[in-house]
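> Pasting a predicted model and its sequence here:
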Amino acid sequence: MMRWLRKTEKVEVQSGADSPVPEAEVEVASASEETVIEDTAAAEVIAARAQEEEPEKETGPILSVKEVRRSFPVGGGEIQVLKGINMEVLSGQLVMLKGRSGSGKTTLLNMLGGLDQPTSGEIWFRGQPLHELNDDKHTLLRRDQIGFIFQAYALLPLLSAWENVELSLRMAGVPPQEWKRRVTHCLELVGLGKRMFHRPFELSGGEQQRVAIAKAIAHRPKLLLADEPTANLDSQMGAQVMAVFKNIIQTERVTICMTTHDPTILEVADHVYEMVDGKFIG
Ligand SMILES: Nc1ncnc2c1ncn2[C@@H]1O[C@H](COP(=O)(O)OP(=O)(O)OP(=O)(O)O)[C@@H](O)[C@H]1O
């Protein structure tokens, strides 16, 4: 059973009866602690911590895409994959790109994350022209402001959930004294407070994907890009991942843009773009 609740409540994510973790709690940043705090000084510490953990809410578009085209050289000619894409993603939205295999979803997602450049057109991310930045600036921007989630989780198999998340903080240049609290916070946020020291092979697919989410948000990105994040999961685990996405949009003030083939999860999106042969329809 899954509920999406106000910030001061808990979100319960209940997995199957045969799951190693019958019930995982996804706690919304320190909120449950508020109910048991009687001491004023302690309450102030908790409130300060919650404020620190929850970045300011931004308003307006975080991403603007204008007439983006992308073609690739193939053989002696070229293939046009994106044929004039226009889109706007507002801060705090969950936006989905749906479409048949080969329609161009991943090609667009790569461009939104600065992994590839349009052949023509513009992509603006928080006021910065991604289409004009050089490789070094793209790398810095990705490191600081963008998180990626992939269909195949992309976790390091010999590292525990904790170590996987910690690694992303190291790579983002976050000071070591912040690692412990941030790793704990992120893993609790995705409902894995009790499985922090398991390695990927000791976790279910849904749990591995939730570790990947914790890893992707650890450095506090503004934008999370997810390529088919539920494609390898059954419907219940897929729903858990979507519940976590909804939760982190509220608590981490992140904006999410994801691709999907799965019609059952479209209803939780704030906006759905349907792509057909390199263009949006409808
Ligand atoms: N580097 C490249 N060189 C040549 N063709 C490419 C390149 N990258 C993508 N394509 C082609 O662009 C088209 C769109 O690919 P893309 O991966 O964006 O589709 P998709 O909608 O994400 O598909 P799927 O749902 O299967 O992941 C495909 O026909 C693919 O072969």
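Cool, got the structure.

> tell me the pLDDT at Leu224?
pLDDT, Leu224: 96.

> so it sits in a strand?
Yes. Under DSSP: H, G, I helix; E, B strand; the rest coil, Leu224 falls within a strand.

> and the strand or helix carrying Leu140, how far out from the chain's middle?
Under the criterion of DSSP states H and E, Leu140 resides in helix 135-145. Centroid separation for helix 135-145 versus its chain: 17 Å, with C-alpha atoms, centre = their mean, to the nearest Å.

> Repeat that for stretch 73-88.
Counting by C-alpha atoms, centre = their mean, stretch 73-88 is centred 26 Å from the centre of its parent chain.

> avg pLDDT for it?
94.

> which of the residues in it are buried?
81-82, 85, 87 (16 or more other C-beta atoms under 10 Å). For glycine as for every other residue, the C-beta is placed from the backbone atoms N, C-alpha and C.

> ok, now stretch 257-277?
Here stretch 257-277 shows 257-260, 262, 265, 269, 273, 275 as buried, counting by 16+ other C-beta under 10 Å.

> Kindly report the same for stretch 107-125.
Here stretch 107-125 shows 107-114, 116-118, 121, 123-125 as buried, counting by 16+ other C-beta under 10 Å.

> now do stretch 145-156
Of the residues in stretch 145-156, 145-151, 153, 155 count as buried by neighbour count, 16+ other C-beta under 10 Å.

> of all the residues you listed, which comes closest to Asn232?
Nearest to Asn232 out of the buried residues of stretch 145-156 is Gln151 (C-beta to C-beta; 5.9 Å).

> what's the helix holding Leu140 in contact with?
Helix 135-145 is touched from outside by 113-115, 125-126, 128, 130, 133, 148, 171-173, 219, 221-223, with contacts defined as C-beta atoms under 8 Å, 6 or more residues apart in numbering.

> One more: stretch 256-273?
With C-beta under 8 Å, 6+ apart as the test, stretch 256-273 has contacts from 63, 87, 89-90, 93-101, 105-106, 109, 112, 149, 223-231, 235, 238-239, 242, 245-246, 248-249, 280.

> of those residues, buried ones?
63, 87, 89, 93-99, 105-106, 109, 112, 149, 223-230, 238-239, 242, 245-246, 248-249, 280.

> can you narrow those residues to ones near the ligand?
With the criterion set as C-beta under 6 Å from any ligand atom, the members of those near the ligand are 99, 105-106.

> What residues of the helix holding Leu140 count as buried?
Buried-residue list, helix 135-145, by 16+ other C-beta under 10 Å: 138, 141-142, 145.

> can I have that helix written out in CSV, keeping just the CAs?
Output of helix 135-145 as CSV, limited to C-alpha atoms (Å, rounded to 0.1, in the frame of the first residue of the first chain):
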residue,chain,number,x,y,z
ASP,A,135,32.8,20.0,-22.2
ASP,A,136,34.4,21.3,-19.0
LYS,A,137,31.5,23.5,-18.1
HIS,A,138,29.1,20.6,-18.9
THR,A,139,31.0,18.4,-16.6
LEU,A,140,31.0,20.9,-13.8
LEU,A,141,27.3,21.6,-14.2
ARG,A,142,26.4,17.9,-14.2
ARG,A,143,28.6,17.3,-11.1
ASP,A,144,26.9,20.1,-9.2
GLN,A,145,23.3,20.3,-10.4
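
> Quick check: mean pLDDT of it?
Here the average pLDDT along helix 135-145 is 90.

> Just checking: what are the partner strands of the next helix or strand after that helix?
Toward the C-terminus, helix 135-145 is succeeded by strand 146-150 as the next helix or strand (DSSP H and E). Strand pairing for strand 146-150, determined by DSSP bridges: strand 223-227 (parallel).
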